[in-house]
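Undergrad: Any chance you could fold what I've pasted below:
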Amino acid sequence: MKKLILFLSLLGFLLVTSGCLNEMVGQKITVQKRTGEENVFEDIKEVTKKNQVKKAIDIVGNADFENEKVAMAHYADYQFQFPSKNRYGSEDKIASYLLWISSNGENLEIVNDSDKYVKLTKQDSADLYEILIGEELVK
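TA: You can find the predicted model right below:
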């Protein structure tokens with residue numbers, strides 16, 4: 001009887017911990033930089049640290065996107081995607097974003113794949129740029 005209780009307790013523990021671990025398994029951010037004057041991007045970085053991915057998702061998710069189409073002066077400086085692995089192990093594309101550094105160099109402007117626009121605060125811009133690019137935003 002004691003062995004059965006121990007076995008069921010261990011099984012329950014393993015099920016609970018494996019479920020918690022799967023929450024962000026495989027989540028990453030793919031960052032691409034525009035090359036030249038054309039609208040062509042190349043991969044420059046993958047952000048895989050769980051706390052950085054979560055913070056970036058929170059910044060973008062809490063941004064106050066506007067439902068308006070904008071015409072930017074030039075092609076985006078960067079683009080990034082939030083893909084994740086589903087429970088079967090294959091990647092699903094969640095969202096894609098185009099990113100511009102504002103002319104004053106202090107803010108990031110983002111257009112998502114639904115043509116919604118946002119200009120991030122200076123603090124959110126600095127934090128997101130640090131996560132995505134690995135450098136400070138201020139020129």
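Undergrad: I'd like the average pLDDT over the helix or strand hosting residue 109.
TA: Per DSSP states H and E, residue 109 falls inside strand 108-112. In this model, strand 108-112 has a mean pLDDT of 95.
Undergrad: How far away from the center of its chain is it?
TA: 13 Å (C-alpha atoms, centre = their mean, to the nearest Å).
Undergrad: buried set for that strand?
TA: 108-111 (16 or more other C-beta atoms under 10 Å). For the C-beta atoms, the positions are set from N, CA and C on the backbone; glycine is no exception.
Undergrad: can you check stretch 68-75 too?
TA: For stretch 68-75, using 16+ other C-beta under 10 Å, no residue counts as buried.
Undergrad: can you list the residues that contact it?
TA: 34, 37-39, 100, 109, 111, 115-117 (C-beta atoms under 8 Å, 6 or more residues apart in numbering).
Undergrad: repeat that for 7 Å
TA: Contacts to stretch 68-75, defined as C-beta atoms under 7 Å, 6 or more residues apart in numbering, come from residues 34, 39, 100, 111, 115, 117.
Undergrad: quick revisit: would CSV of the buried residues of strand 108-112 with distance to residue 71 be doable?
TA: Shown next, in CSV, are these (distance: C-beta to C-beta, whole Å):
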residue, distance to residue 71
108, 18
109, 12
110, 15
111, 10
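Undergrad: still on that earlier bit, so after the strand holding residue 109, what's the next helix or strand?
TA: Sequence order places strand 117-119 as the next helix or strand after strand 108-112, per DSSP H and E.
Undergrad: what about the protein, any weak spots by pLDDT?
TA: 4, 6-26, 84-93, 139 (pLDDT under 70).
Undergrad: Going by residue numbers, what spans are strands in it?
TA: Ranges of strands in the chain, per DSSP state E, are 29-34, 41-47, 78-85, 91-101, 108-112, 117-119.
Undergrad: out of those strands, deepest packed?
TA: Most buried of these, by mean neighbour count (mean count of other C-beta atoms under 10 Å): strand 108-112, with a mean of 21.
Undergrad: Return the alpha-carbon coordinates of that strand using CSV.
TA: Output of strand 108-112 as CSV, limited to C-alpha atoms (Å, rounded to 0.1, in the frame of the first residue of the first chain):
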residue,chain,number,x,y,z
LEU,A,108,10.9,52.6,-31.4
GLU,A,109,7.9,52.6,-33.8
ILE,A,110,6.3,49.3,-34.6
VAL,A,111,3.8,48.2,-37.2
ASN,A,112,2.4,44.7,-36.7
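Undergrad: Thanks again, I'm all set now.
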